[in-house]
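**Student:** just the structure for this:
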Amino acid sequence: MHQKIDKKNKIYIYLFIFFLLSTINNQKIVNSKFFKFNVNQIEVSGLSEKNNLLISNEIKKIFLGNIFLIKKEFLLEILKKNNLINSFEIKKIYPDKIEIKIEKTEFLGITNIDGNFFFIGSNGKLINHRDTKKILPYVFGKININNFIQFVKIIHQSKFNYNQIKEIYFFPSGRWDIKTKDNQLIKLPIENLRFKLDSISKINNIEKFKNAKIIDLRFANKIITTNE
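**Tutor:** Below is the predicted model:
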């Protein structure tokens, strides 16, 4: 029972201090030595050890003051600059710790812009391509990233396996082509994408289509294939 009472008392004390320090008229109290609740720990998780440390150090460079005075908007500005981040959660753990849990963006593909290669992130951002060992589809054409993300979502919702894709081609008309790791080229229409993607495995199971190098699904009620 004593432990529960002590915990409740601590909560009440922290709440009292928070409201006391929140008022403009008590700025002198905030700056007094008695009420110094300086941030001593910044714990960042979710990215690589190196990137977690970079974010932590960036926060430390700008702020290591009273935990009651730090605004989450300040932390948001730092985190939004990092293209590796998909989402995050910030917690103030009183009296002296800030905890930031990060969800890393998923890499969906690799594209080339003005001679430079970038990963396309599920957060809609481009990330410098440094990890050459990562196996992802290469995306050709002047894509709109949000449209590409929507296209990938449709593939994931379909029966077609995204991991089978080697290359993706985008055309100015808004149409997509897919080349598989078996070098089979699949020409897709603009509409009814999921239905057409669902039909690919069925088509490949039909004897006369098994060795098709090109499957053209752009036309309604018609499948055009070629073995060359």
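**Student:** can I see the domain layout of the chain?
**Tutor:** For the chain, the structural domains run 2-104, 107-226, going by automatic domain parsing.
**Student:** residue contacts, the residue most central in space within the chain?
**Tutor:** Nearest to the mean C-alpha position of the chain, counting by C-alpha atoms, centre = their mean, stands T105 at 2.2 Å. If you count contacts by C-beta atoms under 8 Å, 6 or more residues apart in numbering, T105 has them with N83, L84, I85, N86, G121, S122, N123, K125, I127. The C-beta positions use only the backbone N, C-alpha and C, and glycine is treated the same way.
**Student:** circling back to that earlier point, mean pLDDT lowest where, among the domains of the chain?
**Tutor:** Mean pLDDT across these is lowest at domain 2-104; the value there is a mean of 75.
**Student:** D96 and E43 touch, don't they?
**Tutor:** No. Between D96 and E43 there is no contact, the gap being 11.4 Å when judged by C-beta atoms under 8 Å.
**Student:** just send the contacts of T105 back as JSON lines, with neighbour count and distance to F68 too.
**Tutor:** Output for the contacts of T105, formatted as JSON lines (neighbours: other C-beta atoms under 10 Å; distance: C-beta to C-beta, whole Å):
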{"residue": "N83", "neighbour count": "16", "distance to F68": "31"}
{"residue": "L84", "neighbour count": "19", "distance to F68": "30"}
{"residue": "I85", "neighbour count": "21", "distance to F68": "26"}
{"residue": "N86", "neighbour count": "16", "distance to F68": "29"}
{"residue": "G121", "neighbour count": "21", "distance to F68": "35"}
{"residue": "S122", "neighbour count": "16", "distance to F68": "35"}
{"residue": "N123", "neighbour count": "18", "distance to F68": "31"}
{"residue": "K125", "neighbour count": "17", "distance to F68": "33"}
{"residue": "I127", "neighbour count": "17", "distance to F68": "35"}
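**Student:** mind putting those into a markdown table with secondary structure and distance to K181?
**Tutor:** Listed next are the contacts of T105 as a markdown table, based on DSSP: H, G, I helix; E, B strand; the rest coil; distance: C-beta to C-beta, whole Å:
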| residue | secondary structure | distance to K181 |
| --- | --- | --- |
| N83 | coil | 28 |
| L84 | coil | 27 |
| I85 | strand | 30 |
| N86 | strand | 27 |
| G121 | strand | 22 |
| S122 | coil | 21 |
| N123 | coil | 26 |
| K125 | coil | 26 |
| I127 | strand | 23 |
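**Student:** so I78 sits right up against K60, yeah?
**Tutor:** No. With contacts counted by C-beta under 8 Å, I78 stays clear of K60, the gap being 10.8 Å.
**Student:** who has more neighbours out of these two?
**Tutor:** Counted by other C-beta atoms under 10 Å, I78 and K60 do not tie: I78 has more neighbours, with 15 against 11.
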